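*Asks:* Would you be able to build a 3D model of this:
(chains A and B)
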Amino acid sequence: MSKKEKGASYHMGLGITSVLLILVVLSMTTLSVLSLLSAKNDLVLSKRRAEHVLEKAQAHSLYETALYELNEAALAGKALRSVAIDGVNIAPLSENSVAINVPFFGTLAIDAIVQFDSNGTETSHYIIQNTSDWEPDNSFELIDW
Amino acid sequence: MKKNTSSLVMMEIALAVLFFALSAAVILQVFVGSYRLSMQSETLCTASVLSEDVVNALLVDEKDTDAFFIQDGFTQTNGSYQKEVVCNQIAYTLIADYQVKNGEHGQIAQGNIIVKTANEEDFVLPFSRFMAKEVRP
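*Replies:* Modelled structure (predicted):
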C-alpha cells in the first residue's frame, strides 16, 4: 500500500498555534480599536449637537429677555434706545419698532423685527440666519447657455 | 525525539493560552471603554433632545407656564416641576426650575430644564419665556 492510498496525514507543525493566535489577537485588537474610534466620534458629535442646542437656547433666551424689557419700556413711554442687554443688538427702526439681533455660535444670528404699541407686541419678522460670507463657486459650469 | 516534540507543543500551547488570556483582558477593557463612551454619547444626545423638545413646546404654547408643565405631565416637587421619561431603557428625570418675574405690562419666566440620569446631572438648558399682558381693543 502506497503512502497516497493510506491517505494524507497532517502534522501540526511547531508554531502553528502561535501564528493562529497572533491572527486572532490582531483581528480582535483591530475590532476593538475600530469600536473605540466609532464611540469617540459619536461622543464628539453628541457634544457638538448639545453645544449647538445650548447656544441656540441661550440666544433665544436673550431674545425673550429683550422682548420683555422693550415691551416694558415701550408701554411705559420710555425710549426704546434706553434698553440695553449684553449680547443683544437692538436697533430702533421707529418710535415703536425695533430690529433685534442676537448673534450666537459664531456665524449664526437671530434676526427679528418687533413692533410695540398700545395694541400689544407684534413680531413681524423672525429668522435664524447664517451671517458668514458665502460666495458661490461659479468656476465650473455644468450647462453652458 | 517524539516525546521532546510533544512537550514543546504543549509548552507552546500553554504560552499561547497565557498570551491569549492577557491580550483578551486588555481587549475587553477597550470594548468596555467604547461601550461606556457610546452610552455617554447616547445619554447626552437624548438629554439634549428631551430638553429641547420641552423648551420648544413651551415657547409655542399660549398657556401659563405652570399650566403648561402640568399639562405636559410634570409634577410639582420641592418648588420645581419634575417628569420621568424612559428612553432606550434609561430613565431620565426632567426638572423645570424657573422663576417668574412680573412686570407692569407682561411677565417673563426664566430658568432651566435640567436632565438627570441616576442622580447625575447630564444636561442643563436655559430658557426664558416672555408673555405680554393681553390688551383689549
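*Asks:* Please make it C-alpha for all contacts and neighbour counts, starting now.
*Replies:* Will do.
*Asks:* for chain B, what's the longest helix?
*Replies:* helix B:2-60 (DSSP state H).
*Asks:* can you tell me the average pLDDT over the very next helix or strand once past that one?
*Replies:* Downstream of helix B:2-60, the first helix or strand assigned by DSSP states H and E is helix B:65-71. Averaging pLDDT along helix B:65-71 yields 92.
*Asks:* Return the set of buried residues in whichever helix or strand comes after helix B:65-71.
*Replies:* Going down the chain from helix B:65-71, the next helix or strand is strand B:75-77, by DSSP H and E. Neighbour counts over strand B:75-77 (16 or more other CA atoms under 10 Å in any protein chain shown) mark B:Thr75 as buried.
*Asks:* quick revisit: how about the longest helix of chain B, does it get close to chain A?
*Replies:* Yes - counting by CA under 8 Å from any CA of the partner chain, chain A is contacted by helix B:2-60 at B:8-9, B:12-13, B:16, B:20, B:23-24, B:27, B:30-31, B:33-35, B:37-38, B:40-42, B:44-45, B:48, B:52.
*Asks:* so what secondary structure elements neighbour that helix?
*Replies:* helix A:16-75, strand B:106-117, strand B:120-132 (3 or more CA pairs under 8 Å, 6 or more residues apart in numbering or on different chains; DSSP states H and E).
*Asks:* any chance of those in a markdown table, with mean neighbour count, mean pLDDT and distance to A:Ser94 too?
*Replies:* Output for those, formatted as a markdown table (neighbours: other CA atoms under 10 Å in any protein chain shown; pLDDT from 0 to 100; distance: least, CA to CA, whole Å):
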| stretch | mean neighbour count | mean pLDDT | distance to A:Ser94 |
| --- | --- | --- | --- |
| helix A:16-75 | 18 | 93 | 12 |
| strand B:106-117 | 20 | 93 | 22 |
| strand B:120-132 | 21 | 89 | 20 |
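*Asks:* possible to save these as a markdown table with distance to A:Asn89?
*Replies:* Converted to a markdown table, the helices and strands packed on helix B:2-60 look like this (distance: least, CA to CA, whole Å):
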| stretch | distance to A:Asn89 |
| --- | --- |
| helix A:16-75 | 9 |
| strand B:106-117 | 20 |
| strand B:120-132 | 18 |
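*Asks:* Dig out what B:Cys87 forms beta bridges with.
*Replies:* Note on B:Cys87: beta-bridge partners by DSSP bridges are B:Ile90.
*Asks:* what residues are up against A:Lys47?
*Replies:* B:Ser41, B:Leu44, B:Cys45 (CA atoms under 8 Å, 6 or more residues apart in numbering or on different chains).
*Asks:* Sorry, slip of the keys, the one I care about is B:Val55.
*Replies:* B:Ile113, B:Phe127.
*Asks:* per-residue confidence at it?
*Replies:* Confidence score, pLDDT, at B:Val55: 94.
*Asks:* quick one: pLDDT of B:Ser6?
*Replies:* So B:Ser6 comes in at 78 (pLDDT).
*Asks:* gap between it and A:Thr17?
*Replies:* 13 Å (CA to CA, to the nearest Å).
*Asks:* Over to B:Ser41?
*Replies:* In terms of CA to CA, B:Ser41 sits 40 Å off from A:Thr17.
*Asks:* again with A:Leu26
*Replies:* Counting by CA to CA - A:Leu26 and A:Thr17 are separated by 14 Å.
*Asks:* Same question for B:Phe31.
*Replies:* Taking CA to CA, one finds B:Phe31 at 25 Å from A:Thr17.
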